[in-house]
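Trainee: okay, sequence plus prediction incoming.
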Amino acid sequence: MKNVLVIGATGQIGSELTMELRERYGNEHVVAGYIHGADPHGELKESGPSAVVDVTDAINIECVVKKYNIDAIYNMAALLSVVAESKPILAWKVGIDGLWNVLEVARAYHCSVFTPSSIGSFGPETPHLLTPQDTTQRPRTMYGVTKVTTELLSDYYYHKYGVDTRSVRFPGIISNVTPPGGGTTDYAVDIYYSAVKGEKFICPIKKGTLMDMMYMPDALNAAISLMEADPKRLIHRNSFNIASMSFAPETIYTSIRKQLPDFEMVYDVDPLKQAIADSWPDCMDDSCARNEWDWNPSYSLESMTSDMLIKLRKKLLTKATLMSD
Ligand code: VAH
């Protein structure tokens, strides 16, 4: 049975990835790695082992990998696109110095490694429509620079040392458990919270701005399915384009209004977020993922909207009830 370490287990993806992995592999086989100040709580803490894992501390990573006899590492530690622009040195330190530590430990202890890339790894010169798997990657954000380097360094460790590295280029991820922190696509999460709270939504992204997006259950399935895929089928490794839906702000707004007709949205464009969004693809070609490891998303915009509104109503109602007690 696999023993898995999730680094960044209290983040937007890491928190749900840890629970999904525990569901599939058994609670005791999945360790939630977190940094001081971002401690796990609730079911994430109660359902299985957790340990302090600072991705910038190689000795710390090695100790945890040895203690729990780890076979697979999901390295989710990163600063997202907007916050990385304000803290570029920290973004590199966490994203790349941290990755180097993970890869060196993985090399020594024969662990497989998943370190996500992103649509942020593409830049203005990349073809925006049906962005190819293999194409120009000249991002002008520090987030993008760290993601292209992540892809190159992960492939290097596979070809040079045989470390089993695999990853996907995540689109914007939409979820209802742990809010995202400092990304360009966060608007597509925030809009649902505004809708359920009955508040007017102030959209920071311009009308007509297409970006690849994905519902969290599909994102989790992509990561785990790739890590479980037959290595003999893989032509690519770092990183696979994966796509499920592409929409602009007015489209997700319309989807929500079908269920909440009084919901209002206005635009107040954030210049930095808009510049980053404009440099990213409109929609990716994910045929390699479909051919090499049977990638196939389940959610559409409409089914995601229905599920998000149900889950957020329940979450916010529970929160309100607890606060009134
Ligand atoms: C961001 N949510 O906006 C992240 C993600 C593809 C977008 O990398 O930075």
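Mentor: Arrived safely, thanks for sending. Residues are numbered from 1 along each chain as shown.
Trainee: averaging pLDDT per element, find the lowest-scoring helix or strand in the protein.
Mentor: helix 301-324 (a mean of 90; mean pLDDT, DSSP states H and E).
Trainee: and the residue of the chain at minimum distance from the ligand, helix, strand or coil?
Mentor: Taking C-beta to the nearest ligand atom as the measure, the chain has residue 183 as its residue closest to the ligand, at 2.6 Å. All C-beta spots, glycine's among them, are computed from the backbone N, C-alpha and C. For residue 183, the assignment made with DSSP: H, G, I helix; E, B strand; the rest coil gives coil.
Trainee: again with the one 10 residues further on
Mentor: Using three-state DSSP as the criterion, the local structure at residue 193 reads helix.
Trainee: neighbours around the residue nearest to it when sequence neighbours are not counted, how many?
Mentor: Leaving out its chain neighbours, the residue that sits closest to residue 193 by C-beta to C-beta, 6 or more residues apart in numbering is residue 312, at 6.4 Å. When neighbours are counted by other C-beta atoms under 10 Å, residue 312 registers 17.
Trainee: could you check how far residue 312 is from residue 127?
Mentor: Look at residue 312 and residue 127: by C-beta to C-beta, to the nearest Å, they are 35 Å apart.
Trainee: host element of the one residue sitting closest to the centre of the chain?
Mentor: The C-alpha lying nearest the average C-alpha coordinate of the chain belongs to residue 13 (C-alpha atoms, centre = their mean; 5.1 Å). If you go by DSSP states H and E, residue 13 is part of helix 12-25.
Trainee: quick revisit: off-centre distance for the least confident helix or strand of the chain?
Mentor: 21 Å (C-alpha atoms, centre = their mean, to the nearest Å).
Trainee: okay, it in CSV with CA atoms only?
Mentor: Provided in CSV are the C-alpha atoms of helix 301-324 (Å, rounded to 0.1, in the frame of the first residue of the first chain):
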residue,chain,number,x,y,z
LEU,A,301,-20.2,24.8,-16.1
GLU,A,302,-23.9,24.1,-15.4
SER,A,303,-23.3,21.0,-13.2
MET,A,304,-20.5,22.8,-11.4
THR,A,305,-22.8,25.8,-10.7
SER,A,306,-25.5,23.6,-9.3
ASP,A,307,-23.1,21.8,-7.0
MET,A,308,-21.3,24.9,-5.9
LEU,A,309,-24.5,26.7,-5.0
ILE,A,310,-25.8,23.7,-3.0
LYS,A,311,-22.5,23.2,-1.2
LEU,A,312,-22.0,26.9,-0.4
ARG,A,313,-25.5,27.4,0.8
LYS,A,314,-25.0,24.5,3.2
LYS,A,315,-21.5,25.7,4.3
LEU,A,316,-22.6,29.3,4.9
LEU,A,317,-25.8,28.3,6.6
THR,A,318,-23.9,26.0,9.0
LYS,A,319,-21.4,28.8,9.7
ALA,A,320,-24.2,31.2,10.4
THR,A,321,-25.9,28.7,12.7
LEU,A,322,-22.7,28.1,14.7
MET,A,323,-22.1,31.8,15.1
SER,A,324,-25.6,32.4,16.4
